[in-house]
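S.K.: Turn this into a structure:
(4 chains)
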Number of protein chains: 2
Amino acid sequence: MRKSGRPTMVDVAAEAGVSFKTVSRVINGQPNVDPAMAERVLAAVDRLGYHRNALAASLRSGDRDTIGFIAADLSNTFYMAIAAAVSSAVSRERMHLVMASSEEDAATERALALDLCQRQVGGLVVVPTADDHSYLQREVELGTPVVFLDRPGSGIPADAILLDNRGGARAAVAELLEAGHRRIAVLLDARSIYTMAERWAGVEEAFAAAGREPDPALVVEGLHTPAVARDAMLRLLESDAPPTAVFCANNRVTIGVLEAILPRGADIALAGFDDFELSHLLPRRIRIVDYDIAGLGRLAAETLLARRNAPATGSHTHLVPTHLVDRGGVR
Amino acid sequence: MRKSGRPTMVDVAAEAGVSFKTVSRVINGQPNVDPAMAERVLAAVDRLGYHRNALAASLRSGDRDTIGFIAADLSNTFYMAIAAAVSSAVSRERMHLVMASSEEDAATERALALDLCQRQVGGLVVVPTADDHSYLQREVELGTPVVFLDRPGSGIPADAILLDNRGGARAAVAELLEAGHRRIAVLLDARSIYTMAERWAGVEEAFAAAGREPDPALVVEGLHTPAVARDAMLRLLESDAPPTAVFCANNRVTIGVLEAILPRGADIALAGFDDFELSHLLPRRIRIVDYDIAGLGRLAAETLLARRNAPATGSHTHLVPTHLVDRGGVR
DNA sequence: TTGAAAGCGCTAACAA
DNA sequence: TTGTTAGCGCTTTCAA
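M.R.: Below you'll find the predicted structure:
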């Protein structure tokens, strides 16, 4: 064994007294090897504690068995759940998932994506923060498939896996309108975020279908944290004409609203986009726009893996359905 | 550019009309390069859309800039949160995190760990499922540091990051005893799991300190899911002598217990190990054994990275403190 | 069935 | 300051 490093195929070959190509054959389970020789090689492998260097192997063969995942914000349980789903789908194909977070920063996203490409990933799943992805153009051309998740990318041909944001929001608000509510508050994060814009569009569609339109005084946007959403809700409750119902455009907003409503037992109908842990134990009934979050991650992984083998025949956008469910109402 | 593949340093050198070592120097920002030459190289890089192959680079240099993380179960938000923390700590050092899940299976854990070692990871963070890790002996000897997280490993010299399970459980139960409770139920997952054994030991210590011991009729173990925990709690509530307080040994058990208690408004004092999302919005007050979960992941990453540079001077076990907090009580 | 030689794309000595 | 020559550990021809 050389200079105290890890043993190599050459070391194993020397130990077993065979050519180093024979070792390669045995290690890779290739046919046409004399069982006796294989036996000797395996014994040498064992004695030396040899492990194949997968990086060196892929250098020559060009095989890529790693997939990159860039989340927008890993501290958000939504993206963590997706990462877990992508990971398990990827490992089912005996591949690995390398995970990173852009922290909602376009430059970071770009640096991470390019870095992962340099690491020769076989594909990239990206929750985009940047609004131009032409920096990936070259990589896609060279055969690294990219799949956008949760938000669409732009500037390159790549598949996208999106939620039916519009339909989900529309259905939730339509229900509130049908129940006779006329003062419906709509609380959102910044409308510059793709999902927020879509959900807001769904809200408008629901109002339009009922021949009405949202009351600007009851619409609050830019609610980026539960605390901010809570304060906004408190102000609405204390206004001259408080809402009788509220639609929360994501789970952070929903949580903030609950923080405002629950302590004072305000009597308001609740609907929100995104389910969350323990929603079923809430004391108040709430309608939730739910969807298969693990399925979202799985679909992304499968779409990506399919691209690896198939020719780039136009990009496709998958719309993952949402459905309304009841949560809470536990006394 | 050769056979339609990605451009290499040789291609860039040809394009720029310089030697390929000069390209290497420019790409790696090494000193002693004529600015004019660097300019020409950079232009060629741009024209060709060249990106350095980080795998090939590390093959020769031996640099390892990837850390492996093996969770016991990525569908558990606890491990996902840890993974996120490890990821961000690792990327702060400009390294990458490869994520995998053993699904609580020892053979899977072993296969994943060995696989990651073959991929030349610079270190391994493992939430162990196997109870013998001597299979990693060789890798540790060869300089791949291993850090165990949440549960101790065995058979190899490796650092461990553990929670103060015993102290946390003891404090929670001691408080119930001090409040005068005499019929305290203790609900656990299987005691064969390290954390459960430790927490149970903490419970016994608290009882012993009060000159008492747990009532076997009120101790239920093997509660692996919220549903099972809920049913166990319901049986206790309906028994002849129901408990006046309950200690839940992890958050799954706590959730099951809440599912049993909340709908019927049973008047029972609650304490549980592990915080969970939205615990602060629960209608019932509950004492929680809390800890810094992100810090746990960060500490694991930092301990691992420190090992990479330092000599293997004996393994160290870090005990992460826990503290009791109030949750819930929102009407 | 086995082996020798030539790469993969890069870094690291060494020379010029 | 620049270039040359060896490798890193493996896979892939191609010949024996």
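S.K.: I'd assumed residue A:251 was in contact with residue A:225.
M.R.: No - using Cβ atoms under 8 Å, residue A:225 is not in contact with residue A:251; the gap is 11.8 Å. No exception for glycine: its C-beta is placed from N, CA and C like everyone else's.
S.K.: Please enumerate the helices of the stretch 151-300 of chain A.
M.R.: Listed from the start of the chain, the stretch 151-300 of chain A has helices (DSSP state H, counting those that start in this stretch) covering A:165-178, A:194-209, A:226-237, A:251-261, A:293-309.
S.K.: the more surrounded of residue A:225 and residue A:251?
M.R.: Shown here are residue A:225 and residue A:251; by other Cβ atoms under 10 Å in any protein chain shown, residue A:251 has more neighbours (22 against 13).
S.K.: For that one, which non-adjacent residue is spatially closest?
M.R.: Setting aside the residues directly before and after it, residue A:251 is nearest to residue A:274 in space (Cβ to Cβ, 6 or more residues apart in numbering or on different chains), at 3.8 Å.
S.K.: what's the distance between that neighbour and DNA strand C?
M.R.: 43 Å (Cβ to the nearest atom of the strand, to the nearest Å).
S.K.: which residues touch that residue?
M.R.: Residues in contact with residue A:274, defined by Cβ atoms under 8 Å, 6 or more residues apart in numbering or on different chains, are A:78, A:250, A:251, A:254, A:288, A:289, A:290.
S.K.: same deal with residue A:234?
M.R.: By Cβ under 8 Å, 6+ apart, the contact set of residue A:234 is residue A:260.
S.K.: and if you look at the one 10 residues further on?
M.R.: For residue A:244, the contacting residues are A:181, A:182, A:183, A:184, A:268, A:269, taking Cβ under 8 Å, 6+ apart as the criterion.
S.K.: Next: residue A:82.
M.R.: Contact partners of residue A:82, counting by Cβ under 8 Å, 6+ apart, are A:71, A:127, A:149, A:150, A:293, A:296, A:297, A:300.
S.K.: Can you tell me the closest non-neighbouring residue to residue A:131?
M.R.: Nearest residue to residue A:131 in three dimensions, chain neighbours excluded: residue A:154, at 6.4 Å (Cβ to Cβ, 6+ apart).
S.K.: surely the one you found meets residue A:135?
M.R.: No - using Cβ under 8 Å as the test, residue A:154 is too far from residue A:135 to be in contact (11.3 Å).
S.K.: follow-up on the earlier one: could I get the contacts of residue A:274 as CSV with pLDDT and distance to residue A:208?
M.R.: As requested, the contacts of residue A:274 are exported to CSV (pLDDT from 0 to 100; distance: Cβ to Cβ, whole Å):
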residue, pLDDT, distance to residue A:208
A:78, 90, 29
A:250, 96, 22
A:251, 94, 26
A:254, 97, 24
A:288, 98, 23
A:289, 98, 19
A:290, 98, 24
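S.K.: Adding distance to DNA strand D, write these out as CSV.
M.R.: Converted to CSV, those look like this (distance: Cβ to the nearest atom of the strand, whole Å):
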residue, distance to DNA strand D
A:78, 39
A:250, 47
A:251, 46
A:254, 51
A:288, 50
A:289, 48
A:290, 46
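S.K.: Can you flag which of the residues you listed belong to strands?
M.R.: With strands taken from DSSP state E, the overlap with the contacts of residue A:274 comprises A:288, A:289, A:290.
S.K.: tell me which residues in the helix or strand residue A:319 falls within are buried?
M.R.: Using DSSP states H and E, the element containing residue A:319 is strand A:317-320. For strand A:317-320, the neighbour count (16 or more other Cβ atoms under 10 Å in any protein chain shown) marks residue A:320 as buried.
S.K.: and whatever helix or strand comes next after it, what does it pack onto?
M.R.: Heading C-terminal from strand A:317-320, the first helix or strand you meet, by DSSP H and E, is strand A:323-327. Other helices and strands packing on strand A:323-327, by 3 or more Cβ pairs under 8 Å, 6 or more residues apart in numbering or on different chains; DSSP states H and E, are helix A:165-178, strand A:286-290.
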